[in-house]
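Trainee: Pasting the sequence and the predicted model now:
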Amino acid sequence: MRSFALILASGALGACTASASEVEPPSDQLFFPTGLASSGATLFVANGNSELRFDSGAIEAYDLDKVDAITLAWNTSRTIPTDSDGNPICAQDRDHTETLVCDETVLLRPGAGVRIGNFATDISVQDTGNGTSRLIVPTRGDPSISWVDWNGTALSCNASGATNDICDDTHRLIFQTTDPNIVDIPDEPFFAFADSGGEFAVVTHLTSGAVTLIDSPRGGNATIADTMSEVFLPDQTNGLRGATGIAGRRPDAPGDTIYVGSPTEDRVQMFTVGRPVNGASPFLIPGNYFFLDDIGVADGSGSANTRGLKFSADGNRMYLINRDPPVLQIFDTSPNEGGLARNQLVGATDICREGSMLDVMDSGDGDRAYLSCFSDGTIYVVDPRGLSQVEDIIQTGRGPYAVTGVPARKKLFVSNYLEDTVAVIDTTPGATTMNRVVLRIGVTKPPDADTFQQ
């Protein structure tokens, strides 16, 4: 169970030399949660270890069947779960009475996690069949890209297959090929997209404008196959380039088209992946691109600083967060008469400042876009019908970062980076708890001075 006293490494350790076990991260506690993703009955959470209190970050696995059972009992009869002796193992939130708070250990899959590098930013899941998955996890601290396999019950990222152990060099990608004399990857790997049908993943780099392709065959090792540098023009004020939001139109089908946005240029670049007939490594093929229309920008400078980017389930709508100005743009990406994506702006909605990540899902009443507002501590819910509008604003906790929906369970999960919790939001249409936090995983950490550069 979590200790309620937050011990900072810089003060507590002092001049003492810590043993390996003392600086190893806990396997049952959230610490600066960032990336989220789901697969089947499991929610994966990346812990960023942003204050470097431990020697590594970690990925934990949470049981979604338990989440469903606990929230159903709580929503219908205010039942609080108990242990075998009848003692309560969760509690009603004192400030938000509709919310149940449970320690991580109540919902955690014990012994199922692994340790990764520091400052993980995202998780993307590749379906590898028969209930198994592969996680692609960018980590800014190394920099590196970890790949972690899920066998349905536990994660593994080392030769031994041991859980709660750190990923080995094979599972921590830092070079374009297995030969370290070739070239290492660019700094700041940021967002990731994993393609199940095409058996590859693509990662963007925040401060270089680069895009990295990972070959990820089912049953084989993932390797970095290609890197394309300087995809976007630099910011005219500081000379920096960047690549951020990334998504694929149809991740379940071969021949997918990948869309990539940038914080430094008001443009979306499209890619496909080529595979030589001789079995050589795949490579990135840059395709068409389009500029973002001037939404709310009087001087015609364009809509810029793209962050999260997602598609509807059918691939015919793309949702894109811009920070300058703060707006959610919606594009029609359905095929035209010639079979090419239209890429036409069809809606836009003013949103919060510093919008970060988003997900799009249909819980039974049509698509909704859910986007995180890091500074405001809220989730904006956008109804994309018509010209689109903000339908609701949900208070979720301090520093909401990643957002992932599970439509079949009618739930949205949000990592609250600054308070070490994951908020569970009910998205059931018409329910009295719709768009409310019904469960909080983890004990809220007191406010402090920690910050996070997105």
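Mentor: That came in fine, so what should we check first?

Trainee: And the residue lying closest to residue 366 once chain neighbours are set aside, its phi and psi?
Mentor: Once flanking residues are discounted, residue 366 sits nearest to residue 385: 6.7 Å by C-beta to C-beta, 6 or more residues apart in numbering. C-beta coordinates here come from the backbone N, C-alpha and C atoms, glycine included. Residue 385 adopts backbone torsions of phi -70, psi 150, taken as degrees, to the nearest 10.

Trainee: Tell me, how many residues neighbour residue 385?
Mentor: By other C-beta atoms under 10 Å, 12 other residues sit near residue 385.

Trainee: Quick one: the strands in the stretch 201-350 of the chain, in order.
Mentor: Assigned by DSSP state E, counting those that start in this stretch, the stretch 201-350 of the chain shows strands spanning 211-215, 223-228, 246-248, 258-260, 267-274, 283-291, 304-311, 317-324, 326-332, 344-350.

Trainee: for the stretch 51-200 of the chain, same thing?
Mentor: Using DSSP E, counting those that start in this stretch, the strands found in the stretch 51-200 of the chain span residues 57-63, 90-92, 100-102, 114-116, 124-129, 132-139, 144-150, 155-156, 172-173, 189-195, 200-205.

Trainee: can you redo these as CSV with mean neighbour count and distance to residue 258?
Mentor: Converted to CSV, the strands of the stretch 51-200 of the chain look like this (neighbours: other C-beta atoms under 10 Å; distance: least, C-beta to C-beta, whole Å):
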stretch, mean neighbour count, distance to residue 258
strand 57-63, 25, 24
strand 90-92, 16, 41
strand 100-102, 23, 38
strand 114-116, 28, 24
strand 124-129, 20, 12
strand 132-139, 26, 13
strand 144-150, 23, 16
strand 155-156, 23, 26
strand 172-173, 24, 18
strand 189-195, 26, 6
strand 200-205, 28, 6
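
Trainee: Now those strands in a markdown table, please, with extra columns for mean pLDDT and distance to residue 428.
Mentor: Formatted as a markdown table, the strands of the stretch 51-200 of the chain follow (pLDDT from 0 to 100; distance: least, C-beta to C-beta, whole Å):
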| stretch | mean pLDDT | distance to residue 428 |
| --- | --- | --- |
| strand 57-63 | 97 | 20 |
| strand 90-92 | 96 | 20 |
| strand 100-102 | 97 | 16 |
| strand 114-116 | 95 | 33 |
| strand 124-129 | 96 | 24 |
| strand 132-139 | 97 | 26 |
| strand 144-150 | 96 | 27 |
| strand 155-156 | 96 | 30 |
| strand 172-173 | 94 | 40 |
| strand 189-195 | 97 | 28 |
| strand 200-205 | 97 | 32 |
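
Trainee: possible to save those strands as TSV with distance to residue 79?
Mentor: Shown next, in TSV, are those (distance: least, C-beta to C-beta, whole Å):
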stretch	distance to residue 79
strand 57-63	18
strand 90-92	10
strand 100-102	9
strand 114-116	33
strand 124-129	32
strand 132-139	32
strand 144-150	31
strand 155-156	31
strand 172-173	43
strand 189-195	37
strand 200-205	41
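
Trainee: looking at these, which is closest to residue 243?
Mentor: strand 200-205 (3.9 Å; C-beta to C-beta).

Trainee: Give the other helices and strands that the closest one contacts.
Mentor: Contact here means 3 or more C-beta pairs under 8 Å, 6 or more residues apart in numbering; DSSP states H and E; on that basis strand 200-205 packs against strand 132-139, strand 189-195, strand 211-215, strand 246-248, strand 258-260, strand 267-274.

Trainee: and the first one, how far from the chain's centre?
Mentor: Average the C-alpha atoms of strand 132-139, do the same for its chain, and the two points are 11 Å apart (C-alpha atoms, centre = their mean, to the nearest Å).

Trainee: hang on, the earlier thing: ok, which of the strands of the stretch 51-200 of the chain comes nearest residue 275?
Mentor: Nearest of those (C-beta to C-beta): strand 200-205, 8.9 Å.

Trainee: Direction included, what does that closest one pair up with?
Mentor: Partners of strand 200-205 in the sheet, by DSSP bridges, are strand 189-195 (antiparallel), strand 211-215 (antiparallel).

Trainee: Name the single longest helix found in the chain.
Mentor: Secondary structure of the chain read by DSSP state H shows that its longest helix is helix 64-77.

Trainee: Find the nearest non-adjacent residue to residue 372, please.
Mentor: The shortest distance from residue 372 to any non-neighbouring residue, by C-beta to C-beta, 6+ apart, is to residue 400 (4.2 Å).

Trainee: Neighbours of that neighbour, how many?
Mentor: Other residues close to residue 400 by other C-beta under 10 Å number 28.

Trainee: do residue 218 as well
Mentor: 13.

Trainee: for residue 72, same thing?
Mentor: 12.

Trainee: same check, this time on residue 65
Mentor: 12.

Trainee: Likewise for residue 289?
Mentor: Neighbours around residue 289, by other C-beta under 10 Å: 16.

Trainee: Surely it and residue 271 touch.
Mentor: No: in this structure, residue 289 is not within contact of residue 271 by C-beta atoms under 8 Å, at 9.8 Å.
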